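Enquirer: got a predicted structure here, sequence first:
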Amino acid sequence: MSATFDVPLVLGMMRLHEARDLQDPERLADWIEARLDQGLVWFDHADIYGDGQGEALFGAALRRRPGLAQRVRIVTKASIITPQRDTSGYAVKHYDASPAYLSAAIDAALARLGVERLDHFLLHRPDPLMDAEATGRALDDAVAAGKIAAAGVSNFLPEQWRRLQAAMHQTLAVHQLELSLGHSAPLFDGSYDALLRDGLTPLAWSPLGGGSVFEDRLGQVLTAEAEAHGCSPGALALAWLRRLPGRPVPVVGTLKPERLEALLQAPAPSLAAPPWYALLEAARCHRVA
């Protein structure tokens, strides 16, 4: 059975390969241990993050300090082929959800990370050419082999994940989607309700809109509300997300300890409906109907 996301946020590793101060395995091991001591145990990877460099750096740190491997929880993703990784001769970005590719991706992630099992393995993007039955069998087989604890999806629409789920014995556990004050469309097009109905745990990528939530009128309203609630604007933006049914878990990309500390501030009191809607109105520049 897969571990649960009983944490305030997941640590996104997309820029790990760019962090010069964390390239040394010993320093990265210190950073990981400090996050674990904060109760932040989940780390989100993908094979395209630095073309595998992110996973490799993380794995080198775990090998330097083996006790950490038992404490961390790993999410990783695959199915995107960048032009640089396309060996077909076309140098075209595309998706690949074939059993051969996914099985190789799982084995490669395990080797780079140096762990015995991935807690969650997600299809990074839906592949229109996916043979759902074959892909479903490959994911079921990976669970049965003990290589992954659970499978999930990212950036899928409801009928896309349902087609895959119908071909599987295991239950899809997670859906990672773009969701923030700056991107609230899933709350109004039915897709967020669909993932809750289907029992998928929501993980919200880009929960701060790449910093856009701090700009313009939304930034002004967010700052004022954060002062009223005794927390940082970033913490309030995450609290806005966590106020939703299903309590989506933000996947936060910053690696700076001081920024993470600010994001962990809890607003006091918890966000009530009126300020929640006031922030939504500022983000959308119009009132709800």
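Expert: That came through fine.

Enquirer: all strands of this protein, in order?
Expert: Listed in chain order, the strands of the chain (DSSP state E) span 10-12, 42-44, 73-78, 80-81, 94-95, 120-123, 151-154, 174-178, 201-205, 249-252.

Enquirer: let me know the pLDDT of residue 1.
Expert: With respect to pLDDT, residue 1 scores 48.

Enquirer: which positions within stretch 121-140 qualify as buried?
Expert: Residues of stretch 121-140 classed as buried by neighbour count (16 or more other C-beta atoms under 10 Å): 121-127, 130, 132, 135-136, 138-139. C-beta coordinates here come from the backbone N, C-alpha and C atoms, glycine included.

Enquirer: I meant to write stretch 181-198 there.
Expert: So for stretch 181-198, counting by 16+ other C-beta under 10 Å, buried means 181, 182, 183, 184, 186, 191, 192, 194, 195.

Enquirer: of all these, which comes closest to residue 262?
Expert: Distance to residue 262 across the buried residues of stretch 181-198 (C-beta to C-beta) is lowest for residue 181, with 16.7 Å.

Enquirer: could you measure from the closest one over to residue 129?
Expert: Separation of residue 181 from residue 129 (C-beta to C-beta, to the nearest Å) stands at 35 Å.

Enquirer: closest to residue 112 out of the strands of the chain?
Expert: strand 73-78 (9.1 Å).

Enquirer: strand partners of that closest one, parallel vs antiparallel please.
Expert: Its sheet considered, strand 73-78 pairs with strand 42-44 (parallel), strand 120-123 (parallel) by DSSP bridges.

Enquirer: using CSV, lay out those together with mean pLDDT and distance to residue 166.
Expert: Formatted as CSV, these follow (pLDDT from 0 to 100; distance: least, C-beta to C-beta, whole Å):
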stretch, mean pLDDT, distance to residue 166
strand 42-44, 98, 27
strand 120-123, 98, 15
